[in-house]
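Novice: I need the structure of the sequence given here:
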Amino acid sequence: MGRGVTPDGPRVLLVDDEQAILDGLAPFLERSGLVVTTATDGLQALAAHAGAPADILVCDVLMPRLDGRALVRRLRGAGDWTPVVLLTQVGASYERSAALEEGADDYLNKPFDPQELLARVRAVLRRAVPGQPSLAAADVLVCEDLRVERGARRVLLAGAPVPLTPKASLLLDYLMTHPGELHTRERLLQALWGFEQPVATRAVDHRVAEIRRVLGDDAAAPRFVETVQQHGYRFCGTVRRGAAA
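Specialist: Reported below is the predicted structural model:
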């Protein structure tokens, strides 16, 4: 059902099998200037998107008939690079990693603040280039002499492999696929660790320190990870897709 109130606003296809979620989120997004269409599962979403292409899809992961991750695979398999933000109650880090590797552009753990979802949607739309895969779908990310081979889970600096713990590697990957975007420590914890307790935010600082140490990045004059005082971190380098080795 079309819910648009601002014909010129970005078109969002909101997909969730919980009617309460649709009833609560759709009006909020509309009041924020988005044009919202809803669907209750992946198959219905594919049909709706084929009939009236959306600018971005916001999808629950766990749904009947066709779940959110399968929906992403169907879209990407058909060469459709419309941005997708997944909503999940699954806290395991491998689920989040798999969602990104399969082509999702971002995700939020349920429950979430609607304002946070709106911020993620706007950030993804700003990064998106119509018709082209996002950095989240790239096999290789490159910034100057830094190269991240995502499939092999290998990081190289000036051609030499560098050791990173799995969590630091995941954090670097996330920051590079969202270049220029400010991330609070709480957001990074929620996205990559699945934690929501502010007491754990030092975990992010420790992993950023590891990344800087391994890459020789100077916090006072960063090439890669910039500290935004009292807010969080952003990847400040220019990231591009790299060629496979």
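Novice: give me the phi and psi for the residue positioned nearest the centre of the chain.
Specialist: In the chain, the residue lying closest to the centroid (C-alpha atoms, centre = their mean) is residue 106, at 1.9 Å. In terms of degrees, to the nearest 10, the main-chain angles of residue 106 are phi -170, psi 170.
Novice: per-residue pLDDT, it?
Specialist: pLDDT, residue 106: 84.
Novice: that one and residue 134: what is the separation?
Specialist: Distance of residue 106 to residue 134, computed by C-beta to C-beta, to the nearest Å: 9 Å. Every C-beta, even on glycine, is put in place using the N, C-alpha and C of the backbone.
Novice: and for residue 227, the neighbour number?
Specialist: Residues lying near residue 227 (other C-beta atoms under 10 Å) number 16.
Novice: let me know the secondary structure of residue 234.
Specialist: With DSSP: H, G, I helix; E, B strand; the rest coil as the basis, residue 234 sits in strand.
Novice: is it in a bridge, and if so with what?
Specialist: Beta-bridge pairing for residue 234 (DSSP bridges): residue 226.
Novice: got the contact list for it?
Specialist: 175, 179, 180, 181, 182, 183, 225, 226, 228 (C-beta atoms under 8 Å, 6 or more residues apart in numbering).
Novice: mind checking which of these land in strands?
Specialist: Among these, DSSP state E puts 183, 225, 226, 228 in strands.
Novice: now tell me which helix or strand of this structure has the poorest mean pLDDT.
Specialist: helix 93-101 (a mean of 69; mean pLDDT, DSSP states H and E).
Novice: residue 82 against residue 57, yeah?
Specialist: Yes - look at residue 82 against residue 57 with C-beta atoms under 8 Å: they come within range, at 6.2 Å.
Novice: which neighbours do those two have in common?
Specialist: 49, 75.
Novice: now the strands for this protein?
Specialist: Under DSSP E, the chain gives strands at 11-15, 35-39, 56-60, 84-88, 106-109, 140-143, 146-149, 154-157, 160-161, 183-184, 225-228, 232-235, 240-241.
Novice: tell me which of these lies nearest to residue 210.
Specialist: strand 225-228 (10.6 Å; C-beta to C-beta).
Novice: what does that closest one rub up against?
Specialist: By C-beta under 8 Å, 6+ apart, strand 225-228 touches 175, 182, 208, 211, 212, 217, 219, 233, 234, 235, 236.
Novice: if we use 10 Å, what do you get?
Specialist: 171-172, 175-176, 180, 182-184, 205, 208-209, 211-212, 215, 217, 219-220, 232-237 (C-beta atoms under 10 Å, 6 or more residues apart in numbering).
Novice: just the buried ones from the residues you listed?
Specialist: 171-172, 175-176, 183-184, 208, 211-212, 215, 217, 232-237 (16 or more other C-beta atoms under 10 Å).
Novice: picking that back up, who has more neighbours out of residue 82 and residue 57?
Specialist: residue 57 (29 against 20).
Novice: can you get me a residue count around the nearest residue to residue 243 once chain neighbours are set aside?
Specialist: Among residues not flanking residue 243 along the chain, residue 140 sits closest, at 6.6 Å (C-beta to C-beta, 6 or more residues apart in numbering). Neighbour count of residue 140, defined by other C-beta under 10 Å: 18.
Novice: now swap in residue 24 and tell me
Specialist: For residue 24, using other C-beta under 10 Å, the count is 12.
Novice: do the same with the one 10 residues further on
Specialist: Number of residues near residue 34 (other C-beta under 10 Å) recorded here: 25.
Novice: and it, what pLDDT?
Specialist: According to the model, residue 34 scores 95 on pLDDT.
Novice: wait, it touches residue 125, no?
Specialist: Yes - with contact defined as C-beta atoms under 10 Å, residue 34 counts as touching residue 125 (9.5 Å).
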